[in-house]
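Trainee: Pasting a predicted model and its sequence here:
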Amino acid sequence: MKSLLNISIITFSVLLFSCNEKNNGGEKKQSEKNGGAFSIAENTEIRSVFPLLITAQTEALITSQMHECLVRLNPHTLDAIPGIAEKWEVSADGKTITFHLNKNARFHDDKCFPDGKGPVITSNDVKFSLELLSTKSDFNFQFETVLKDKLLGANDFYDKKANSLAGVKVIDESTIQILLEQPSLSFIQLLAHPAASIISEVAYKAYGTNMKVGAGPFIYDPSSNASQCVLVKNKNYYRTDSAGCSLPYLDTVIINLFSSIEEGLTSFENGKTDLVNTLPSLRVKDMLEKNINEFQSNPPKSILHHEPEMISQYYTFNTKKAPFNNVKVRQAVNYAIDRERIINNILQGQAIASAINGITPNTFSGYDIKSIIGYSLNIAKAKQLLAEAGYPEGKGFPETTVIVNSGNSRNSSVAVEIQKQLKENLNININFESLPNKQKTDLQMIGKGSIYRDAWVADYPSPETYLTLFYGSGVPSVDTIYSYPNTSRYQNKDYDTYFTKGKFANNKDTSYYYFMKAEQQLMNDAVIIPLWYEGSYRLLTSKVKGLHLNAMRYYDLTKAYKVK
């Protein structure tokens, strides 16, 4: 981790507690760490917390606390570890994975179940969840990310060419086999994606996409509203800590949905919020100087984290809409943008590096993004390309609107700077419109607009998570049909070939080789405007222990607790 203004970032101390050995009536042992509420500041409007409908990182944060998957990720290493599946075996050919379920894992108690008691999770629940994720519907945005081309028979099931899912075999109540089309290095990690949550068929039939019943460590509280999501402890959660004490420790998790990140920082400064995931860049220096004693006290009252993250910031072109259906126009715009000026003048250092090499951040060992040729400022080249596209000196170029999501003043500030640069360097007029994230996402998925502000947080620790956004096989032929995750509607056979070879390679070196070829094709076609790789500042109160902040923003809150 990096330091700022010579303020060291400290690591969490380890406090040793024992379980309360009282175990009345068969209840689980309780830890002395139990209790308390943990509050998080976010600024993204929640579209849905139904696993198949999520499209934003905040939605994933909430959903992953409510639901449980076959596997989880180790928050330190991001490797796959047991979830509902307590163990698994992979066949010699890498195509068959046999999962053995934890017999203590059960769904939340809810009135939809007989006697209101959540049933034990069985192989049939896993089968139903994978079938639901493989079903084409208006509420399934995640099939392409998790199962397409991977799970045997999933494509045919999705296209209604088959009535059953060939890649799922129930062996017994607690053993299930998953068969793959081809070996996949990332598939087991993908099963930790919130969209792969194990869903109760009974609860789904009772509530549909409004279902809040899961199997995770926390339960959705009905007091939640548009400005605050409240999650309460699941007392029947199956996991325990190393001492055999029940998890989670926290009684309550509160995700405050502020209208801006500035409001979240104010809430933190007033002691009402424990974690701020993104700090406004223009206020970081002032905030540190104003609260210097809080960081330097022993122990410090607040902890500042600043590290590279698996997050890329970029703009996406609608490649089906003129004038951006012309690759030379897209290339010209890319060459006309001074990314270093944006980082220095607008972000004030709140970035790890400018994204001149592509969309994948430099956080994956062995993936050499510097070998990918992208775009740095070259005004002469930009003007030449724009003229070749039929718009010499910007003449005749249609006025264009960039759609950004509201809630972060940085988005508007960056848009204003890009607006200035494109006017100065290419003499083209770019306006921008700020919309709530849900509205912006809906317009983007249905192809209404020309350029959209975007960011991508890794769903799993692989370059594949970024490159899957541009895989062309699922792009609908009709503009009015939702296209997700490929909202650029980009289609290129060479890209798809390289991407597929990388996805199904049998070793990481080969996989990365083809992924880099795919990313180079993506840059050649200028499908996006890569801007910078994120290095966000995050603030955490020192009262919170047991929480590991990682580059993927994957949160395991089961072992987080607050010092009393």
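Mentor: Arrived safely. Just so you know, these numbers come straight off a predicted model, no measurement behind them.

Trainee: how about the strands in the stretch 251-400 of the chain?
Mentor: 252-257, 275-276, 302-306, 311-317, 353-354, 400-405 (DSSP state E, counting those that start in this stretch).

Trainee: Switch these over to TSV; also include mean neighbour count.
Mentor: Every residue, glycine included, has its C-beta placed from N, CA and C. Output for these, formatted as TSV (neighbours: other CB atoms under 10 Å):
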stretch	mean neighbour count
strand 252-257	20
strand 275-276	26
strand 302-306	21
strand 311-317	23
strand 353-354	20
strand 400-405	21
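
Trainee: Out of those strands, which gets the lowest mean score?
Mentor: For those, the weakest mean pLDDT is recorded on strand 302-306, namely a mean of 80.

Trainee: quick one: strands adjacent to that one?
Mentor: Taking DSSP bridges as the criterion, strand 302-306 forms sheet pairs with strand 537-541 (antiparallel).

Trainee: Could you list the buried residues of the partner strand?
Mentor: Within strand 537-541, the residues that count as buried by 16 or more other CB atoms under 10 Å are 537, 538, 539, 540, 541.

Trainee: tell me which of those residues is nearest to residue 389?
Mentor: Proximity of these to residue 389 (CB to CB) peaks at residue 537, which lies at 39.7 Å.

Trainee: How much space separates that closest one from residue 553?
Mentor: Distance from residue 537 to residue 553, counting by CB to CB, to the nearest Å: 13 Å.

Trainee: ok, now residue 491?
Mentor: Taking CB to CB, one finds residue 491 at 30 Å from residue 553.

Trainee: Would you mind telling me which of these two has the busier surroundings?
Mentor: For the pair residue 491 and residue 553, the greater number of neighbours falls to residue 553 (20 against 16), based on other CB atoms under 10 Å.

Trainee: Touching, the more buried one and residue 57? I think so.
Mentor: Yes. When contacts are counted by CB atoms under 8 Å, residue 553 is listed as touching residue 57 (6.0 Å).

Trainee: shared neighbours of these two, which are they?
Mentor: residue 457 (CB atoms under 8 Å, 6 or more residues apart in numbering).

Trainee: quick one: residue 359 from residue 518, how far?
Mentor: For residue 359, the distance to residue 518 - CB to CB - is 11 Å.

Trainee: Which neighbours do these two have in common?
Mentor: In terms of CB under 8 Å, 6+ apart, residue 359 and residue 518 are both contacted by the residues residue 467.

Trainee: Where does the prediction get shaky in this protein?
Mentor: For the chain, residues meeting the criterion pLDDT under 70 lie at 1-26, 280-285, 287-298, 349, 536.

Trainee: Once you drop chain neighbours, what's closest to residue 70?
Mentor: Leaving aside its chain neighbours, residue 70 sits nearest to residue 85 (4.3 Å; criterion: CB to CB, 6 or more residues apart in numbering).

Trainee: Residue 100 is in contact with that neighbour, correct?
Mentor: Yes. Judged on CB under 8 Å, residue 85 makes contact with residue 100 at a distance of 6.3 Å.

Trainee: what about the two, which has more around it?
Mentor: Using other CB under 10 Å, the more surrounded residue of residue 85 and residue 100 is residue 85, with 26 against 17.

Trainee: what residues are up against residue 528?
Mentor: 314, 315, 316, 317, 359, 454, 488, 522.

Trainee: and the residue nearest to residue 70, backbone torsions?
Mentor: Per-residue torsions, residue 85: phi -80, psi 120 (degrees, to the nearest 10).

Trainee: ditto for the one 4 residues further on
Mentor: Note on residue 89: backbone dihedrals following degrees, to the nearest 10 are phi -130, psi 140.

Trainee: Who are the contact partners of it?
Mentor: Counting by CB under 8 Å, 6+ apart, residue 89 has contacts 97, 98.

Trainee: give me the beta-bridge partners of it?
Mentor: Applying DSSP bridges to residue 89 gives these bridge partners: residue 98.

Trainee: wait, isn't residue 247 in contact with residue 559?
Mentor: Yes. Between residue 247 and residue 559 there is a contact under CB under 8 Å: 6.7 Å.

Trainee: what about the residue nearest to residue 354 when sequence neighbours are not counted, how many neighbours?
Mentor: Nearest non-adjacent residue to residue 354, counting by CB to CB, 6+ apart: residue 339, 3.7 Å away. Per other CB under 10 Å, the neighbour tally for residue 339 reads 23.

Trainee: Also residue 111?
Mentor: With other CB under 10 Å as criterion, residue 111 counts 9.

Trainee: try residue 438
Mentor: Residue 438, neighbours per other CB under 10 Å, totals 16.

Trainee: same deal with the one 4 residues further on?
Mentor: Close neighbours of residue 442, defined as other CB under 10 Å, add up to 15.

Trainee: Shouldn't it be within a helix?
Mentor: Yes. Per DSSP: H, G, I helix; E, B strand; the rest coil, residue 442 lies within a helix segment.

Trainee: Contacts only, for it.
Mentor: Neighbouring residues of residue 442 by CB under 8 Å, 6+ apart: there are none.

Trainee: Any figure for the gap between it and residue 484?
Mentor: Distance from residue 442 to residue 484, by CB to CB: 10 Å.

Trainee: What is the burial count for residue 268?
Mentor: Using other CB under 10 Å, residue 268 is surrounded by 22 other residues.

Trainee: Next: residue 496.
Mentor: Residue 496 - counted by other CB under 10 Å - has 17 other residues nearby.

Trainee: Roughly how far does it sit from residue 262?
Mentor: Distance from residue 496 to residue 262, by CB to CB: 42 Å.

Trainee: And for residue 63?
Mentor: Taking CB to CB, one finds residue 63 at 26 Å from residue 262.

Trainee: do the same with residue 527
Mentor: 32 Å.

Trainee: Just want to know which of those two has more residues nearby.
Mentor: residue 527 (26 against 17).

Trainee: can you pull the contacts of that one?
Mentor: With contact taken as CB under 8 Å, 6+ apart, residue 527 is in contact with 316, 317, 319, 330, 470, 488, 490.

Trainee: residues contacting the second one?
Mentor: Put plainly, it is residue 317. Contacts of residue 317 by CB under 8 Å, 6+ apart are 324, 330, 450, 451, 488, 526, 527, 528, 529.

Trainee: Could you do residue 220 as well?
Mentor: 49, 66, 212, 214, 229, 230, 231.
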